[in-house]
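Novice: Below are the sequence and a predicted model; questions follow.
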Amino acid sequence: MKKLNFLLTAILLSAISFGQTTPKELPFKWDELTSPQFLKAVEKAGGVAVIPFGIMEKHGPHLPLGTDLFEAREIVTTALKKEYAIMFPPYFTGQIFEAKHQPGTVAYSNDLMWKMLEETCAELSRNGLKKIVILNGHGGNTNFLHYFCQCQLQSRKDYILVLFEQSQDATFDNQIKALKKANVDDHAGEGETCMMYCIRPDLVDVDAISSQSGLSQERLSQMKNGYTGIWWYAKYPNHYGSDQAVPNKALGQLLIDKEATQLAGLIKYLKANNKIEELQNEFYNRSANPLGK
C-alpha cells in the first residue's frame, strides 16, 4: 500500500511539474522586449540604458567591417548578465572620416552624427531611461564623444550621459600581459583579433592576417610639435596597426571580461546613486543665474 501511495504521489508531482513553465527572464535587449515588458525593464534597470557604439570600417585584411559593433555588443551583453540595464540596438553613426578611402566604410556627416546621438539620448530619456551610458568600441569616436559629453552642459537636460572608460585592473592586466605577444597592438591588432576570434571565429580570416602590413609608415615622422587630421593615414594607410595578430580565444575572453566587469560596476553605481544628477541640476541652476540675484 505504501509503495502504491508513493507511486501515485510521484505521478501527481510529475504531472504538476509538467504543467508548469519556468518564468522567462526579462530580456535586456531593447529590440527583444515587448511594449508591456519595456515598462518592467525600465524599472528593473533603475532607468539605466547602455548604447553599444561601434562603426562600419575596414579592420585590417582579416576582420569584418562591423568588428567594433560585435565587440561593443559582446562587452555590454556580458556586463548586463552581471548587472541589469537596457541595451540599445547596434549604433554606428560615429566618426570615421579617416577610413573613407577603404571599401565598406560608412562615414556620416558631422551634422548627422551629432543630431542622431542627440535625438537618441532624448528618445531614451522620453522612454524613462534617464541614466545613459555609452560603451564606445571605436577609437575614432573618442574625441567626438568627449566633446558631446562636455556639451551636455550647454543647455539643461533631463538625463545624464556617461561615457564608460576602462581603468587598470591588476588581476586582469597581469593575465592579459602574460598572453600578449604583439609589440604593436592598435587597430585590428592582436586585441581586436582575439576578441573577434572569441565572439565569431567564423568571421576571422586567419589566412589574410599577414597579407597586408600593419606597421606604421611614419610618413610625417619629421614633423614635430603639430597635429593634423591626416596623422592616422600617414601612419597606417592600410587601416591596420599591428606587427602580429595571432588569434587567442583566452586572451579575447579576458579583454571582454575586463571591460564587462568594470561596466557592470559603473551600472551598479548609477542605479544606486544620483550624485551626477544632483551636480548637473545644481550647475544648470547656477549657470542660469551666475550673479545669484
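Specialist: Yep, it's here.
Novice: Can you tell me the SS state at Gly226?
Specialist: coil (DSSP: H, G, I helix; E, B strand; the rest coil).
Novice: how near is it to Leu220?
Specialist: In this view, Gly226 and Leu220 are 9 Å apart by C-beta to C-beta, to the nearest Å. C-betas here are computed from N, CA, C, even on glycine.
Novice: who's more crowded, these two?
Specialist: Leu220 (14 against 7; other C-beta atoms under 10 Å).
Novice: what's the more buried one in contact with, if anything?
Specialist: Residues in contact with Leu220 (C-beta atoms under 8 Å, 6 or more residues apart in numbering) are 228, 230-231, 234-235.
Novice: swap the cut-off to 6 Å and go again
Specialist: Residues near Leu220 by C-beta atoms under 6 Å, 6 or more residues apart in numbering: Ala234.
Novice: before we move on, which element is it in?
Specialist: Applying DSSP states H and E as the criterion places Leu220 outside every helix and strand.
Novice: Not counting its neighbours along the chain, what's nearest Asp31?
Specialist: Using C-beta to C-beta, 6 or more residues apart in numbering and skipping the chain neighbours, the partner closest in space to Asp31 is Pro89 (5.0 Å).
Novice: In this protein, mark out all the helices, start to finish.
Specialist: Here the chain has its helices, by DSSP state H, at 2-19, 35-44, 67-80, 110-126, 142-150, 170-179, 190-199, 231-235, 249-272, 275-288.
Novice: any idea how far the closest residue to Lys249 other than its chain neighbours is from Val204?
Specialist: With sequence-adjacent residues excluded and distances taken as C-beta to C-beta, 6+ apart, Lys249 is closest to Cys198, at 4.8 Å. Going from Cys198 to Val204 by C-beta to C-beta gives 10 Å.
Novice: Same question for Val106.
Specialist: Plainly put, Val106 is 21 Å away from Val204 if you go by C-beta to C-beta.
Novice: Who has more neighbours out of those two?
Specialist: Between Val106 and Val204, Val204 has the larger neighbour count (other C-beta under 10 Å), namely 24 against 14.
Novice: Was I right to think Ala85 contacts Val50?
Specialist: Yes. Ala85 is within contact range of Val50, at 5.4 Å (criterion: C-beta atoms under 6 Å).
Novice: what do the two both touch?
Specialist: By C-beta under 6 Å, 6+ apart, Ala85 and Val50 have no common neighbours.
Novice: quick one: low-confidence parts of the stretch 1-150 of the chain?
Specialist: Filtered on pLDDT under 70, the stretch 1-150 of the chain yields the residue ranges 1-23.
Novice: before we move on, back to that, do I have it right that the residue nearest to Lys249 meets Pro247?
Specialist: No. Applying C-beta under 6 Å as the test, Cys198 and Pro247 come out as separate, 8.6 Å apart.
Novice: Counting neighbours, go ahead and name the busier of the two.
Specialist: Cys198 (22 against 18).
Novice: In contact with the more buried one, which residues?
Specialist: Contacts of Cys198 (C-beta under 6 Å, 6+ apart): 249, 252-253.
Novice: Tell me the buried residues within the residues you listed.
Specialist: Applying 16 or more other C-beta atoms under 10 Å to the contacts of Cys198, the neighbour count classes 252-253 as buried.
Novice: okay, the contacts of Cys198 in CSV with pLDDT next?
Specialist: What follows is the contacts of Cys198, written out as CSV (pLDDT from 0 to 100):
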residue, pLDDT
Lys249, 97
Gly252, 98
Gln253, 98
